[in-house]
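Colleague: model this:
(one chain, ligands or ions: 1)
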Amino acid sequence: MVDAPVDATTTEAWDALRALADGFTPSLRAWFAEDPERATALTFSAADLHVDLSKNLITRPVLTELLALAGQVGLAERREAMFRGDHVNVTEDRAVLHTALRLPEDATLEVDGQDVVRDVHEVLRRVYDFADKVRSGAWTGVTGERIRTVVNIGIGGSDLGPVMAYEALEPYRQDGLECRFISNIDPTDAATTLAGLDPATTLFIVSSKTFGTLETLTNARLCKAWLLDGLARTGGVDDKEAVAKHFVAVSTALDKVADFGIDPDNAFGFWDWVGGRYSMDSAIGTSLVVAIGPERFTELLAGMHAMDEHFRTTEPARNVPVLMGLLNVWYTNFLGAQTHAVLPYSQLLHRFPAYLQQLTMESNGKGVRWDGTAVTSDTGEVFWGEPGTNGQHAFYQLIHQGTRLVPADFIAFANPAYPLRDAQDGASTDVHELFLANFFAQTRALAFGKTADEVRAEGTDEKGVPARVFPGNRPTTSIMASELTPSVLGQLIALYEHITFTEGVVWGIDSFDQWGVELGKQLAQQLAPAVAGDESAAARADPSTQALIAYYRKNRRP
Ligand code: F6P
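Modeller: Numbering: from 1, shown residues only. Now for the predicted structure:
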């Protein structure tokens, strides 16, 4: 029998938080004025990350009750259970051990009779060996030419993590070796990604945990046909040999890899205790290993492990993922926030918000708890974001002056990847400093706003005042690090994994299943014949869907 989660809404801490939220009138101006130590007291270190929570809408009593809530829902026990390998993914009866993917080689962890650390490092060695061969040119295509482009074919967790990290770690990539990514079943994706590539120098990595995903298998077949057609045009080669030299796979379903025609020797496995959205540090990261090399990938894993250790061992009051997770609960369940922005002041992190969307929303977008009962509060926020300063010129207006509460995480680095100077009128400006001035300015403006009197003092006439007032008290967390290294990226990823976990425990949900994606997949399979013209299949659909399919068939050119 499954243990029922503690219902957070029945705890004393929940009642206390509700009482605190009742008539809550935040004033960051007053709080900072009254307590000169606020910034210091609410700034924490987690591995190499410097995290300032002081511009959040929290007071000491709120924080105390949030920490009490964590205790009353059994967060520490659940965290231990996850790290130990208990089946905390209840609805799929699985352990949840992405943290084991970054355990050092001398660690020990046996789960369900499996020596997890040995298996993880065995696969890592094979991935590293493969990547070294591609990087050095020892792995050649079927015509003997070295590989110039690696195309990862995967979707969701088999795509978003590798893409995000490939972009984030651009300064660490090997010259002359490019990675591309095909995810969407929109044929445009395959067509445009393959455009301009030479089949003789292109290698595909088919990444799919299940090896049953429609998008990935379809794209893999398209790529296989493209490869074989292209090679045939330039002289012709043995198809089997071509696939062996140009296709590798990453999956937990190695039998299905073989059925697809990929040599199991060219396949890298992982395990059902790695969720798709938690898998970029498994063999799913093979394209990234090829791009940045085993040494840098090892640094990324070490960064994740450092954050795991922080989460596992630090007391709750100084535990950054715990605090950030609890803050999200405060905003979601007590102050009515529905979304959460992530705003990296780093162009290299431009895919980080998209990556976090799957991590957070596929994990915590649930309406039932892990024992099947209905949730008792709101769950999962809508995560979104774009890099600053681009976002400033697009949607920040709403965050500054709109009617909705949008808690936001700002991320920045002291050192730029590309230190450029702007020379103008005989002066020279460090552009990164201009960039960071924006980062500091935005969180300041959001926190402290601008009063009507301050607007008037600038000489604005009375009728122009209201539109120019900034209410302030818009909560932000500032996350900084010295620079965006592989280790720091790993720390950021693990930070958000554990924030997500913390929230999931409070809500009593299984953050590791994703049944909500299944219905659409099934219906797409059922509707495919109708779309192709099977009228009896179309007739089984609802009138709206029938009419939409009819529109499509009428307008589709032969
Ligand atoms: O449809 C959702 C999902 O199952 C994700 O959880 C997963 O990351 C993605 O599809 C891809 O799955 P796979 O790696 O099995 O192809």
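
Colleague: quote the end-to-end distance of stretch 470-488.
Modeller: Looking at stretch 470-488, the gap from its leading to its trailing residue is 34 Å under the measure Cα to Cα, to the nearest Å.

Colleague: and it, what's its mean pLDDT?
Modeller: In this model, stretch 470-488 has an average pLDDT of 98.

Colleague: show me which residues of the protein sit near the ligand.
Modeller: Within reach of the ligand by Cβ under 6 Å from any ligand atom, the chain has these residues: 155-158, 208-210, 213, 216, 276-277, 362, 514, 517. Just so you know, the C-beta spots here come from the backbone N, C-alpha and C atoms, and that holds for glycine as well.

Colleague: of those, which belong to helices?
Modeller: In helices, judged by DSSP state H, the following of those are found: residue 216.

Colleague: from the residues of the chain next to the ligand, keep the buried residues only.
Modeller: If you count burial by 16 or more other Cβ atoms under 10 Å, the buried members of those come out as 155-158, 208-209, 213, 216, 276-277, 362, 514.

Colleague: closest to residue 541 among the residues you listed?
Modeller: Of all these, the one with the least separation from residue 541 (Cβ to Cβ) is residue 213, at 23.5 Å.

Colleague: is that closest one in contact with residue 153, as I believe?
Modeller: No. Taking contacts as Cβ atoms under 8 Å, residue 213 lies outside contact range of residue 153: 10.0 Å.

Colleague: give the contact list for the residue of the stretch 201-350 of the chain found nearest the ligand.
Modeller: When you check the stretch 201-350 of the chain against the ligand by Cβ to the nearest ligand atom, the closest residue turns out to be residue 276, at 2.5 Å. Residue 276 is in contact with 156-158, 209, 514, counting by Cβ atoms under 8 Å, 6 or more residues apart in numbering.

Colleague: could you redo the last one with a cut-off of 6 Å?
Modeller: Contacts were defined as Cβ atoms under 6 Å, 6 or more residues apart in numbering; by that measure residue 276 touches 156-157, 209.

Colleague: same question, residue 139
Modeller: When contacts are counted by Cβ under 6 Å, 6+ apart, residue 139 touches residue 133.

Colleague: next, give phi and psi for it.
Modeller: Torsion angles at residue 139 (phi, psi; degrees, to the nearest 10) stand at phi -90, psi 120.

Colleague: separation between it and residue 242?
Modeller: With distances taken as Cβ to Cβ, to the nearest Å, residue 139 is found 14 Å from residue 242.

Colleague: where does this protein dip in pLDDT?
Modeller: In the predicted model of the chain, residues 1-2 satisfy pLDDT under 70.

Colleague: how deep is residue 533 tucked in, by neighbour count?
Modeller: Each residue near residue 533 was counted by other Cβ atoms under 10 Å, and the total is 11.

Colleague: same thing with residue 197?
Modeller: 18.

Colleague: so who does it touch?
Modeller: With contacts taken as Cβ under 6 Å, 6+ apart, residue 197 has the following neighbours: residue 149.

Colleague: assign it to helix, strand or coil.
Modeller: State at residue 197, reduced to three classes by DSSP: H, G, I helix; E, B strand; the rest coil: coil.

Colleague: going along the chain, name the helices of the stretch 451-558 of the chain.
Modeller: With DSSP state H, counting those that start in this stretch applied, the stretch 451-558 of the chain shows helices at 452-457, 465-468, 486-507, 518-531, 535-539, 543-555, listed in chain order.

Colleague: tell me the buried residues in stretch 305-313?
Modeller: Residues of stretch 305-313 classed as buried under the neighbour-count rule (16+ other Cβ under 10 Å) are 305-308, 310-311.

Colleague: wouldn't residue 481 be in contact with residue 49 here?
Modeller: Yes. With contacts defined as Cβ atoms under 6 Å, residue 481 counts as touching residue 49 at a distance of 5.4 Å.

Colleague: now the buried residues of stretch 305-313 in JSON lines, with secondary structure?
Modeller: Converted to JSON lines, those look like this (three-state DSSP):
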{"residue": "305", "secondary structure": "helix"}
{"residue": "306", "secondary structure": "helix"}
{"residue": "307", "secondary structure": "helix"}
{"residue": "308", "secondary structure": "helix"}
{"residue": "310", "secondary structure": "helix"}
{"residue": "311", "secondary structure": "helix"}
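
Colleague: turn those into JSON lines, columns for distance to residue 378.
Modeller: JSON lines is the format used below for the buried residues of stretch 305-313 (distance: Cβ to Cβ, whole Å):
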{"residue": "305", "distance to residue 378": "33"}
{"residue": "306", "distance to residue 378": "32"}
{"residue": "307", "distance to residue 378": "27"}
{"residue": "308", "distance to residue 378": "28"}
{"residue": "310", "distance to residue 378": "28"}
{"residue": "311", "distance to residue 378": "24"}
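
Colleague: A helix includes residue 372, no?
Modeller: No. Under three-state DSSP, residue 372 sits outside any helix and is assigned coil.

Colleague: hey, which of the helices of the stretch 451-558 of the chain is tucked in deepest?
Modeller: For these, the stretch with the most neighbours on average is helix 486-507, a mean of 26; neighbours defined as mean count of other Cβ atoms under 10 Å.

Colleague: so how far is that helix from its chain's centroid?
Modeller: Per Cα atoms, centre = their mean, to the nearest Å, the displacement of helix 486-507 from the mean C-alpha position of its chain is 9 Å.

Colleague: name the residue of the stretch 301-450 of the chain that lies nearest to the ligand.
Modeller: Scanning the stretch 301-450 of the chain for proximity to the ligand using Cβ to the nearest ligand atom identifies residue 362 as nearest, at 5.8 Å.

Colleague: pretty sure that residue is touching residue 514, no?
Modeller: Yes. A contact is recorded between residue 362 and residue 514 when judged using Cβ under 6 Å, the distance being 5.0 Å.

Colleague: relative to residue 164, how far out is the residue of the stretch 201-350 of the chain closest to the ligand?
Modeller: Taking Cβ to Cβ as the measure, residue 276 falls 14 Å from residue 164.

Colleague: how about the secondary structure of residue 122?
Modeller: The three-state label given to residue 122 by three-state DSSP is helix.

Colleague: so how far is the ligand from it?
Modeller: Counting by Cβ to the nearest ligand atom, to the nearest Å, the gap between residue 122 and the ligand amounts to 21 Å.
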